[in-house]
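Visitor: Sequence plus the predicted model coming up.
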Amino acid sequence: FGFTPFLFFLLSLKLEKAAKGKLQKQICQVVLDHFEKQYTAELGDAWSRVRDVLTSPWCWQHAVLLNRFSPSPGLESSLAGQGYHPAFPAALPYLPAAFRCYSRAAPGRFPAQKHQPGRLKEYYLLNAASLLPVLALEVKDGERVLDLCAAPGGKSVAVLQCACPGYFHCNEYDDLRSRWLEQTIESFIPDPVINLITVSKLDGRQIGDLQPEFYDKVLVDAPCSNDRSWLFSADPQRAVLRLMQRKELSCLQFQLLRSAVEALRPGGSLVYSTCTLSRAENSDVINLILSSCSNVVPVDISGMARGVSQEFTFLSGMQQHELLVLPEKGRAWGPMYVAKLKKVSSS
Ligand SMILES: C[S@@+](CC[C@H](N)C(=O)[O-])C[C@H]1O[C@@H](n2cnc3c(N)ncnc32)[C@H](O)[C@@H]1O
């Protein structure tokens, strides 16, 4: 894992080539047509700018989240030498001191590190917007935390960069993805901290009944229509089927949220997030929970949104307890919807 600027230069060239290969991947027209109709209606003029980014993988960016459990001496200067800067302002309320994430306006990807048994990775590559749900959760040392839909584990790793929970439950229903989650945790988290983590393979909809009022914080990073990847579906027939089944996702998301509410202790809070622009899977699901659970109230996250507005573009007109990151050229983060709720009393 030694870092030299020349090695990075070579790896960057290789990755740029790989990115160009990805470009040649076809856009799935049936998905684009579907999004065009829906998102023009929901986002208005903003959609055409978002569409330009989503359909142009060569302008996609990747942020670099440093692993505080495996500091690398040369890494931060290598990043600075390649035009990276801290993605989040240090003055941001509830930004933990140990939390270090770098981004740059130029597209491309910093070289990824391979999994090596017994060796911790030094950084995680990700869409910077996917850290917003974690920051909104404001995990504190000693808290009991549930990551309800955790694989492949990017947000679980990010939670552990922010604080050291007293108990951290990472759940993933899908068998294969659950193994991926375990590998991610093994790659980033050292032994004493791993002992605080429980990985399970439960249907997240059941956890509320199994562990009622147990957690201080719950993250629901829900399964959703993944707009970025759906646009590049290789199999148009499968894509049509997925689009037809899209309505069922809202139902699953609502059930996962209801389970999360049950799992929260009174006074605890949850963050709900998705990587789709679709209103049916975002605000509509949150509004349904707010209208059906009288013990849940919205939490204002507009301060956080203002604090990071240099790096992210948000859809205007959202309510104070929610935000939607819109990808834009030079700030190609998102889509990412984030909402925060608090449980005020027992069910
Ligand atoms: C958006 S991904 C989570 C990404 C993850 N939080 C991260 O940051 O790496 C949603 C995950 O939910 C899982 N999932 C789907 N249905 C579920 C359920 N009923 N209970 C728990 N997890 C589920 C999917 O397999 C998928 O891995």
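Guide: All right, it came through fine.
Visitor: burial measure for the nearest residue to V139 once chain neighbours are set aside, as a count.
Guide: Leaving aside its sequence neighbours, V139 sits nearest to A163 (CB to CB, 6 or more residues apart in numbering; 4.4 Å). Yep, even glycine has a C-beta here, placed from its N, CA and C like the rest. Neighbour count for A163, taken as other CB atoms under 10 Å: 20.
Visitor: What confidence value was assigned to A163?
Guide: Looking at A163, its pLDDT reads 96.
Visitor: show me where the stretch 51-200 of the chain has strands.
Guide: Secondary structure of the stretch 51-200 of the chain by DSSP state E, counting those that start in this stretch: the strands cover 63-66, 85-86, 101-103, 123-126, 144-147, 167-171, 197-200.
Visitor: ok, so what distance separates S70 from Y124?
Guide: S70 sits 11 Å away from Y124, going by CB to CB, to the nearest Å.
Visitor: Tally up the residues packed near the closest residue in space to Y84 that isn't next to it in sequence, please.
Guide: Using CB to CB, 6+ apart and skipping residues adjacent in sequence, the residue nearest Y84 is Y102, 4.0 Å away. Around Y102 sit 22 other residues, with neighbours defined as other CB under 10 Å.
Visitor: How about L210?
Guide: Residues near L210, counting by other CB under 10 Å, number 12.
Visitor: Figure out the helix or strand that the nearest residue to it once chain neighbours are set aside lives in.
Guide: Counting by CB to CB, 6+ apart, L202 is the residue found nearest to L210 once chain neighbours are left out, at 7.3 Å. Using DSSP states H and E, L202 sits in no helix or strand.
Visitor: didn't L202 look like it was pressed against Q211?
Guide: No. Applying CB atoms under 8 Å, one finds L202 not in contact with Q211, separated by 9.8 Å.
Visitor: The helix or strand where S273 lies and the ligand, any residue contact?
Guide: Using DSSP H and E, S273 sits within strand 264-274. No. Between strand 264-274 and the ligand, judged by CB under 6 Å from any ligand atom, nothing touches; the nearest distance is 7.2 Å.
Visitor: Can you tell me what sits against that strand?
Guide: 130, 132-134, 136-138, 213-222, 224, 253, 257, 260-261, 281-282, 285-286, 295, 299, 336-346 (CB atoms under 8 Å, 6 or more residues apart in numbering).
Visitor: mind listing what the residue nearest to L210 touches?
Guide: By CB under 8 Å, 6+ apart, the contact list for L202 reads N171, Y173, L210.
Visitor: In contact with the second one, which residues?
Guide: If you count contacts by CB under 8 Å, 6+ apart, Y173 has them with C149, K201, L202, D203, G204.
Visitor: Angles on the backbone of the residue in the stretch 201-347 of the chain that the ligand sits nearest to, please.
Guide: Proximity of the stretch 201-347 of the chain to the ligand (CB to the nearest ligand atom) peaks at G204, 3.1 Å away. For G204, the backbone dihedrals (degrees, to the nearest 10) come out as phi -60, psi -20.
Visitor: Kindly state the pLDDT recorded for it?
Guide: Value listed for G204 in the pLDDT field: 98.
Visitor: ok, now P89?
Guide: On pLDDT, P89 comes in at 88.
Visitor: what about the residue nearest to it when sequence neighbours are not counted, distance to W333?
Guide: Nearest non-adjacent residue to P89, counting by CB to CB, 6+ apart: G307, 6.3 Å away. According to CB to CB, G307 and W333 sit 15 Å apart.
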